[in-house]
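Q: Output the structure for:
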Amino acid sequence: MRFNVFFWLLCYGWVAGCRPDPDARRFGVIFFYNDKEYFIETPSFTEGTVTAPPQPDDFSSAIIFGYRNGYYYGMEAEKEKLIRYRTVGNELVVEKELSYKGTPWSYYSSWHNWLDDNTLLMGTTNGDGKEFDYAIINVTDMQFLAKGKLDLPSPGPKEHYGGIFAQHRGDRLYVGYSLYEGFRSPVPAQDTTYLATIAYPSMKTVGIQKDTRSTWPGGYYLHGSFSFVNDDAIYFMTEPGGRTHNHPTARSGIYRIPAGQDLLDSTYFFPIADKQTEEAYELFPLGRGKALTKVIANRRVTQYMDYLHKHVVEYYVLDLKTRTRKKLPLPLDELEFVQNVLADGDDVYIAVNTGDEESTIWKYDLKKGTLTKGIHIPGRVYHLNRLPD
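A: Residues are numbered from 1 along each chain as shown. Below you'll find the model as predicted:
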């Protein structure tokens, strides 16, 4: 949908004598519709109507994985390039590119971190799970600052790295992983979570910790959300469920690395799903010491394809301090590793896929604990973002 000129001018105060609304907002949505990708800008997630533009955007060949300060970032796999996009109305326009030829990259078992507003860290196990590669990029100039391999112990002949997460804090990068026999192997992942502490910017490993309270830290996908920093403490989740690589006894839960420390908090593990009846996936920071996760009741899944095609997800708000959870009365959603949750102050927006080609955005008031039904999106949402005012 394209706003008509008068509406656009009115909203942004370009009409003579019109003052911009100090409470005005700009939000961006990326969604799939008829197997094509679209971007739209909207002033509200709770009021108005959104329709798909007449033509899909030309970024459909890229995987949009990141957003920072008004710019989107995507990987174009076939042409092997990292692309920075700017928003122009209801379009994402290529602004600058960086050739990724010769630099390891994979959509799976990978991560990205923002070291600051201008510096992006990307890491991957390069698809085969045998070694970690990284690249540090200046996104202003779109140039590599450094790239190489992490000096972590190599897996055994039949082992691979799995369940990847990474989180940067200060002069440290923390990389979590488990070991398993490969995606196609029916053998469960090993019982251990490994946490590597890596000095930044030297990228040298200074220590590796093992913990057996859970396994499979993080997930598969480059744009999934599995960890965050809250009050300088790092929180990250484990996903030992059937969608990733099922473990018979390990529980989905949250670990904590306390502020100013490199080791896991031995007194803190927050089980966020009952292993006998539930699994949890993805972790989104909300503020006020809260987070959001996606929980699947095991009874809703009878075969692997149910994870991909059925509505099986329920949303839970997690209190990181009291280690309690609250179920939100939302419709069942599909399990997709996407950025469909946005915290904007005390307003939390959640895009729920209610059908093959439609989603509804709900607003959860973090302070009041109330839900409000918002706008309808004609497609499956995989990015919600607050754009610069």
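Q: if I look at Thr267, how far off is Pro388?
A: Look at Thr267 and Pro388: by Cβ to Cβ, to the nearest Å, they are 41 Å apart. The C-beta positions use only the backbone N, C-alpha and C, and glycine is treated the same way.
Q: oh, I was asking about Met237
A: Distance from Met237 to Pro388, by Cβ to Cβ: 30 Å.
Q: number of nearby residues for the nearest residue to Phe132 once chain neighbours are set aside?
A: The shortest distance from Phe132 to any residue other than its chain neighbours is 3.9 Å, reached at Leu150 (Cβ to Cβ, 6 or more residues apart in numbering). Look at Leu150: counted by other Cβ atoms under 10 Å, it has 18 neighbours.
Q: so Ile137 touches Met122, yeah?
A: Yes. Ile137 sits in contact with Met122 when judged by Cβ atoms under 8 Å, with a separation of 6.9 Å.
Q: on that earlier part again, of Met237 and Pro388, who's got more company?
A: Neighbours of Met237 and Pro388, each counted by other Cβ under 10 Å, are more numerous for Met237; the result is 29 against 8.
Q: And the helices in the stretch 201-350 of the chain?
A: 305-309 (DSSP state H, counting those that start in this stretch).
Q: what stretches of the stretch 251-389 of the chain score poorly on pLDDT?
A: Applying pLDDT under 70 to the stretch 251-389 of the chain flags no residue at all.
Q: What backbone torsions are found at the residue nearest to Phe132?
A: phi -80, psi 140 (degrees, to the nearest 10).
Q: my guess is it contacts Val206, does it?
A: No. Applying Cβ under 8 Å as the test, Leu150 and Val206 come out as separate, 11.8 Å apart.
Q: Identify the contacts common to these two.
A: Ile198 (Cβ atoms under 8 Å, 6 or more residues apart in numbering).
Q: Secondary structure element holding Ala135?
A: strand 133-138 (DSSP states H and E).
Q: immediately after that strand, which helix or strand?
A: Criterion used, DSSP H and E; the element after strand 133-138 is strand 143-149.
Q: That following strand pairs with which strands, and in what direction?
A: strand 133-138 (antiparallel) (DSSP bridges).
Q: In the partner strand, which residues are buried?
A: By 16 or more other Cβ atoms under 10 Å, the buried positions in strand 133-138 come out as Asp133, Tyr134, Ala135, Ile136, Ile137.
Q: Would you mind giving these as a markdown table with distance to Pro285 and pLDDT added?
A: A markdown table is the format used below for those (distance: Cβ to Cβ, whole Å; pLDDT from 0 to 100):
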| residue | distance to Pro285 | pLDDT |
| --- | --- | --- |
| Asp133 | 27 | 96 |
| Tyr134 | 23 | 97 |
| Ala135 | 25 | 97 |
| Ile136 | 23 | 98 |
| Ile137 | 24 | 98 |
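Q: Take those and write them to a markdown table, including distance to Asp344.
A: As requested, these are arranged in a markdown table below (distance: Cβ to Cβ, whole Å):
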| residue | distance to Asp344 |
| --- | --- |
| Asp133 | 34 |
| Tyr134 | 31 |
| Ala135 | 30 |
| Ile136 | 29 |
| Ile137 | 27 |
